[in-house]
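Undergrad: fold the following and give me the result.
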Amino acid sequence: MSDIQWSDGAPIYRQLKERVIAMMLDGILKPGDALPSVRQVAAEYQLNPITVSRAYQELADEGLVEKRRGLGMFVTEEASRKLRSSERERFLTEEWPAVVERIQRLGLSAQELLESVGKN
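TA: Predicted coordinates for the structure are as follows:
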């Protein structure tokens, strides 16, 4: 999970959950991969094991990971499909309207936006 900077804006368990989700979307964690153990994450980031367990439990509740008795938590086969679908929906309903509003406020054309994509 590399360098994680915790912010005061959201509960740490939620930030940890979002970091695991980002790793799934980026292909760092693939279906069938094991998540680091609760103890390992708690020790590495100096977190309460209950905080880590809560993040992992939410991921399990959403069907993104599954517990294998005696082995730990593993990314499910359908995790990336579910995530792409839910993250796209969240982007289109929560983030995109603000982006469109800003584009309109700045008077940017579709052509200018497309040209800027190639520059980045």
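Undergrad: contacts only, for residue 119.
TA: For residue 119, the contact set (C-beta atoms under 8 Å, 6 or more residues apart in numbering) is empty. Glycine gets a C-beta too; all of them are placed from N, C-alpha and C.
Undergrad: so where does the residue nearest the centre of the chain fall, helix or strand?
TA: Nearest to the centroid of the C-alpha atoms of the chain, with distances taken as C-alpha atoms, centre = their mean, sits residue 21, at 2.7 Å. Using DSSP states H and E, residue 21 sits within helix 12-25.
Undergrad: identify all contacting residues around that helix.
TA: Defining contact as C-beta under 8 Å, 6+ apart, one finds that helix 12-25 is touched by 1, 4, 6-7, 10, 29-30, 35, 41, 45, 47, 51-52, 54-55, 58-59, 64-65, 75, 79-80, 83-84, 87.
Undergrad: and those residues, which are buried?
TA: Taking 16 or more other C-beta atoms under 10 Å as the criterion, what is buried in the contacts of helix 12-25 is 1, 29, 35, 41, 47, 51-52, 54-55, 58-59, 64-65, 75, 79-80, 83.
Undergrad: before we move on, the earlier item: distance from the chain centre to the helix holding residue 21, please.
TA: Here helix 12-25 is found 4 Å from its chain centre; the criterion is C-alpha atoms, centre = their mean, to the nearest Å.
Undergrad: stretch 60-76 too?
TA: 16 Å.
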